[in-house]
Structure formats: C-alpha cells, structure tokens
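Participant: this one's sequence-less:
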C-alpha cells in the first residue's frame, strides 16, 4: 500500500511537468506557420517602407484562413505576427496568442530582420517594432521565447 501511495505521489509530481513539455513542443511545432508572413515584413524593412499593417497589406490570406492542427489564425498587425492557438492545441494554449515581433538595425536596413518571440530579449543594437500580445504563461514558452 505504501508503494502504491509513493507511486501516486510521484505521478502527481510528474504530470504538470509533462503537460508543460507538451505545450512547449506544440508552440515550437506551430512556429513554422509564421514563416509565410515573414518575407513581406523583411522586404518592407530592407526597402525602408512601412511594415505591413495587416494580412491584406502583406499579401496574405485572411487570418482565419492561415490555420493548422494547432493554430486557429495567424494575424499580421503593423509587422508583428500573432499566432492564435486553437483546434487540437493543448488546453493550456487554446485561445492564447504568441507574438513574433520584427527587430532590425535602424541605420543599416541591409541587416536582415530578426524575429523576437514573445518575451525574448532584443539583440544588442537592434530595435524591436510592434506590440507583444503574448498571453501564454512564461513557463509554457520554449526557451527561445522567454
């Protein structure tokens, strides 16, 4: 009986860690969907033009048409890519948003845009553009997004 109790306690301790790991893996799996929205932003940045205001300005389909098994929409807003989780995403992620913000060197636009995921630090000498609307708890974010 004691062995069963110890096993149950260990299982209860391990379960949240497993669920968090699953959420981080799903976020990492969804990130490549944003790749279709990155080229218009990079092109605008390198040509010193305003960043695309929305999906239409970026030449992208409407937000609700950019979907996957984990993502319910991908929205462009002033150059920032917002990934909204839904469909078969983990319960902890459903309805939550992850933002990818462009960062660049203002006086050297030939330097490629770097993408800042959620709460990640901005590289030295780069300026980040747009608002971070990430509402996923920091503990569920992959390391590159913290």
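Facilitator: That came in fine, so what should we check first? The model shown is predicted, which means the values in this text are computed figures rather than measured ones.
Participant: okay but residue 77 is in contact with residue 56, surely?
Facilitator: No: the pair residue 77 and residue 56 does not pass the contact test of Cβ atoms under 8 Å, sitting 11.7 Å apart. Glycine gets a C-beta too; all of them are placed from N, C-alpha and C.
Participant: out of the two, which sits in the busier spot?
Facilitator: When residue 77 is set against residue 56 and neighbours are counted by other Cβ atoms under 10 Å, the residue ahead is residue 77, at 17 against 11.
Participant: and residue 103, that's in a strand?
Facilitator: Yes: counting by DSSP: H, G, I helix; E, B strand; the rest coil, residue 103 is located in a strand.
Participant: can you pull the contacts of it?
Facilitator: 113-116, 122-123, 126-129 (Cβ atoms under 8 Å, 6 or more residues apart in numbering).
Participant: cool, and residue 132?
Facilitator: Residue 132 makes contacts with 80, 99, 101, 116, 118-119, as judged by Cβ under 8 Å, 6+ apart.
Participant: Pull out the buried residues from those.
Facilitator: A residue is treated as buried here by neighbour count (16 or more other Cβ atoms under 10 Å); on that basis the buried members of these are 80, 99, 101, 116, 118.
Participant: Can you give me the pLDDT of the third one?
Facilitator: Note on residue 101: pLDDT of 98.
Participant: No further queries at this time; thank you.
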